[in-house]
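Colleague: My questions concern the predicted model and sequence given below.
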Amino acid sequence: MSKIIAIANQKGGVGKTTTSVNLGAGLATLGKRVLLVDIDPQGNTTSGVGINKADVENCIYNILIDDIPPHEAILETKIDGLNIIPATIQLAGAEIELVSTISRELRLKKALGLVKKNYDYIIIDCPPSLGILTINSLTAADSVIIPIQCEYYALEGLSQLLNTVRLVQKNLNPHLQIEGVLLTMLDARTNLGIQVIEEVKKYFQEKVYRTIIPRNIRLSEAPSHGQSIITYDRRSKGAEVYYELAKEVLSYE
Ligand SMILES: Nc1ncnc2c1ncn2[C@@H]1O[C@H](COP(=O)(O)OP(=O)(O)OP(=O)(O)O)[C@@H](O)[C@H]1O
Ligand SMILES: [Mg+2]
């Protein structure tokens, strides 16, 4: 079985990239063949797995706009079984360039269809917006993981995201499901975190992952070393929880 999962929330800094990289690394460590797709012009997943963006020849932009075959952009990472389609700042222009393109919402779906059979999981790291790049991701995906930061206003903006999911289900991808809601950056020292957990569970019920990601300094350090938490510090709490998450995701296969 092969599954495409988009990691989406238009809110910035909620842990989309951290989750893409470390869930991807976790699944690969558990023996799955994983492809990360960086579709954010910030390219944080790309640098987060140790790829120097200046050296990237073909990126997701060339797939979406120039129609190059996806295998020409796929790179290996330092982790066995973990590949990536990188993003560079070139992608920033795609949002506008796609407006005048035929079947512009279906470009990623078409491309990933060509390589899907080679992977058990394809994980798409979405940008913090609900524009055409996120729409492409939701259209290509079987399901979506929504990371929610355990902070004030955690649920703010979620109705827009869920509306977008419904619009995509209705018009572009009837088969799209919510894979799960992931609580991130919990600060266990505050009551606020606990309140947010309760609120989110009331809203999403059984869709909320049992695994909750705490704040962990090692998780924030790993990207600057171009590494997943699993290679950066395997014994850290961050590695432990993302490994747990990978196992939880597999348990719903
Ligand atoms: N559990 C965590 N503990 C500590 N720091 C974290 C944790 N998760 C993420 N961070 C840090 O918080 C910042 C935002 O996380 P991340 O880049 O994953 O969010 P994002 O949703 O991808 O952001 P953007 O919307 O800009 O793409 C990063 O500096 C990251 O290293
Ligand atoms: Mg990001």
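Modeller: In hand now; what should we look at? In this text the structure is predicted, and so the values were computed from the model without any measurement. Residues are numbered from 1 along each chain as shown. Ligands and ions are numbered 1, 2, ... in the order given.

Colleague: Run a quick neighbour tally on the nearest residue to His225 once chain neighbours are set aside.
Modeller: Nearest in space to His225, with sequence neighbours left out and distances taken as CB to CB, 6 or more residues apart in numbering, is Tyr232 at 5.7 Å. For the C-beta atoms, the positions are set from N, CA and C on the backbone; glycine is no exception. Burial of Tyr232 is recorded as 20 neighbouring residues (other CB atoms under 10 Å).

Colleague: Over to the one 5 residues further on?
Modeller: Residues lying near Lys237 (other CB under 10 Å) number 16.

Colleague: For the residue lying closest to Pro69 once chain neighbours are set aside, list the residues it contacts.
Modeller: Using CB to CB, 6+ apart and skipping the chain neighbours, the partner closest in space to Pro69 is Leu114 (6.5 Å). Residues touching Leu114, when contacts are defined by CB atoms under 8 Å, 6 or more residues apart in numbering, comprise Pro69, Pro70, His71.

Colleague: surely the residue nearest to His225 meets Ser220?
Modeller: No: contact criterion CB atoms under 8 Å: Tyr232 and Ser220 do not qualify, at 10.7 Å.

Colleague: how much space between Asn44 and Leu36?
Modeller: Using CB to CB, to the nearest Å, one obtains 11 Å as the distance from Asn44 to Leu36.

Colleague: Just the element for the closest residue to ligand 2 within the chain, please.
Modeller: With CB to the ion, the shortest gap between the chain and ligand 2 falls at Thr17, namely 3.2 Å. Assigned by DSSP states H and E, Thr17 belongs to helix 16-29.

Colleague: Kindly report the same for Pro147.
Modeller: Taking DSSP H and E as the definition, one finds Pro147 inside strand 143-149.

Colleague: Give the intersection of the neighbour lists for Asn44 and Leu36.
Modeller: Residues touching both Asn44 and Leu36 (CB under 8 Å, 6+ apart): Asp125.

Colleague: Which one's more surrounded, these two?
Modeller: For the pair Asn44 and Leu36, the greater number of neighbours falls to Leu36 (29 against 19), based on other CB under 10 Å.

Colleague: Close to ligand 1: what parts of the chain are there?
Modeller: Within the chain, the residues that sit near ligand 1 (CB under 6 Å from any ligand atom) are 12-18, 40, 42, 44, 128, 184-185, 213, 215-216, 219-220, 223.

Colleague: and Thr211, which of the three is it?
Modeller: The local conformation at Thr211, judged by DSSP: H, G, I helix; E, B strand; the rest coil, is coil.

Colleague: and it, how many residues sit next to it?
Modeller: If you count neighbours by other CB under 10 Å, Thr211 ends up with 18.

Colleague: could you list every residue that touches it?
Modeller: Contacts were defined as CB under 8 Å, 6+ apart; by that measure Thr211 touches Leu182, Val241, Glu244, Leu245, Glu248.

Colleague: for the first one, helix, strand, or coil?
Modeller: Going back to what we said before, that points to Leu182. The three-state assignment at Leu182 reads strand, by three-state DSSP.

Colleague: Make sure it is actually in contact with Leu245.
Modeller: Yes: with contacts counted by CB under 8 Å, Leu182 reaches Leu245, the gap being 7.1 Å.
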